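Asker: here are the coordinates; sequence isn't available:
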């Protein structure tokens, strides 16, 4: 059975450049140093590692140093063995492209188009993307309009005390605030009233931002809740219009070949798979073709 869907971008990676390096003798013989170096390489888009060498999807700045020596740079073609790593690398390139036009939200694949101030909150009108590369080189980049409710300033003891004092219902124990570190991007949820002193202590020394759900917002201020929800009504035509400018700004390297120059691509999904492919509308699917 064919299921027609509209997605954002489909294409094919007919080839991709890889860069192979040999470990130095000192790093081959010292397992502790080698393992620490491999952990660092994971952030350099490591594609493959063997006992004697490692292969990256982007070249290191220096061709050789006491840790390694460059061996060769070659193109690989489908079928690809490590699609997870390739997906991650394409995401890295896309984030670099989008960062020229939009502010990235924390370290997520989320970019802010507009921020609307509703003190003590801010509504971020944004979009997020995810990428799936398949073994045959076909890929899908799916964009989704989203909104986020965040604190309109960094979290400070003063902000939190004002937030608590402005709460209309003072005995609600299940109101949660998600506290996110701006340094390490780690997050933790707290119950605002029951764990208030813990949040005060945490935010006294470091930089944090808060995110809130609609339950918190509606309880805090029905008036602000109504204003924000009015700005976040989701209609497919408005969603497509919101993303159109984003689509027009995508400029990827030549090896990322899109099937269509248009902003959106209609695809037909023919094969349902139990593998860890892209989750769309509750189905795990394999990209079967494009039109």
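Answerer: Ah, there it is. None of these values were measured; they are calculated from a predicted model. Residues are numbered from 1 along each chain as shown.
Asker: can you give me the strands for the stretch 51-200 of the chain?
Answerer: Under the criterion DSSP state E, counting those that start in this stretch, the stretch 51-200 of the chain carries strands at the ranges 53-56, 64-65, 68-76, 103-104, 110-118, 121-133, 138-151, 176-181, 187-191.
Asker: which of the ones you listed sits closest to residue 261?
Answerer: Closest approach to residue 261 among the strands of the stretch 51-200 of the chain (CB to CB): strand 138-151, 14.3 Å. The way it works is simple: take the backbone N, C-alpha and C, and place the C-beta from them, glycine included.
Asker: which strands or helices does that closest one pack on?
Answerer: Under the contact criterion of 3 or more CB pairs under 8 Å, 6 or more residues apart in numbering; DSSP states H and E, strand 138-151 touches strand 3-7, strand 9-12, helix 83-98, strand 121-133, strand 208-212, helix 236-248, strand 278-280.
Asker: so can I have JSON lines of those showing distance to residue 141 and mean neighbour count?
Answerer: JSON lines is the format used below for these (distance: least, CB to CB, whole Å; neighbours: other CB atoms under 10 Å):
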{"stretch": "strand 3-7", "distance to residue 141": "8", "mean neighbour count": "13"}
{"stretch": "strand 9-12", "distance to residue 141": "4", "mean neighbour count": "20"}
{"stretch": "helix 83-98", "distance to residue 141": "7", "mean neighbour count": "18"}
{"stretch": "strand 121-133", "distance to residue 141": "5", "mean neighbour count": "20"}
{"stretch": "strand 208-212", "distance to residue 141": "25", "mean neighbour count": "22"}
{"stretch": "helix 236-248", "distance to residue 141": "10", "mean neighbour count": "13"}
{"stretch": "strand 278-280", "distance to residue 141": "10", "mean neighbour count": "15"}
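Asker: mind listing what's buried along whichever strand or helix holds residue 219?
Answerer: For residue 219, the host element (DSSP states H and E) is helix 214-220. Counting neighbours by 16 or more other CB atoms under 10 Å, one finds that the buried residues in helix 214-220 are 216, 217, 219, 220.
Asker: what's downstream of that helix, the next helix or strand?
Answerer: Defined by DSSP H and E, the subsequent element after helix 214-220 is helix 222-230.
Asker: what's next to that following helix, contact-wise?
Answerer: Residues from elsewhere that reach helix 222-230 (CB atoms under 8 Å, 6 or more residues apart in numbering): 116, 118, 121, 123, 149, 214, 217, 218.
Asker: recalculate using a threshold of 6 Å.
Answerer: 118, 123, 217, 218 (CB atoms under 6 Å, 6 or more residues apart in numbering).
Asker: dump the residue contacts of residue 152.
Answerer: Here residue 152 is in contact with 117, 119, 120, 121, 122 (CB under 6 Å, 6+ apart).
Asker: nearest to residue 10, of the residues you listed?
Answerer: Closest to residue 10, out of all of the contacts of residue 152 and judged by CB to CB, is residue 122, at 34.0 Å.
Asker: any idea how far residue 204 is from the residue lying closest to that closest one once chain neighbours are set aside?
Answerer: In this structure, residue 122 finds its nearest non-sequential neighbour in residue 152, 4.2 Å apart by CB to CB, 6 or more residues apart in numbering. Relative to residue 204, residue 152 is positioned 19 Å away (CB to CB, to the nearest Å).
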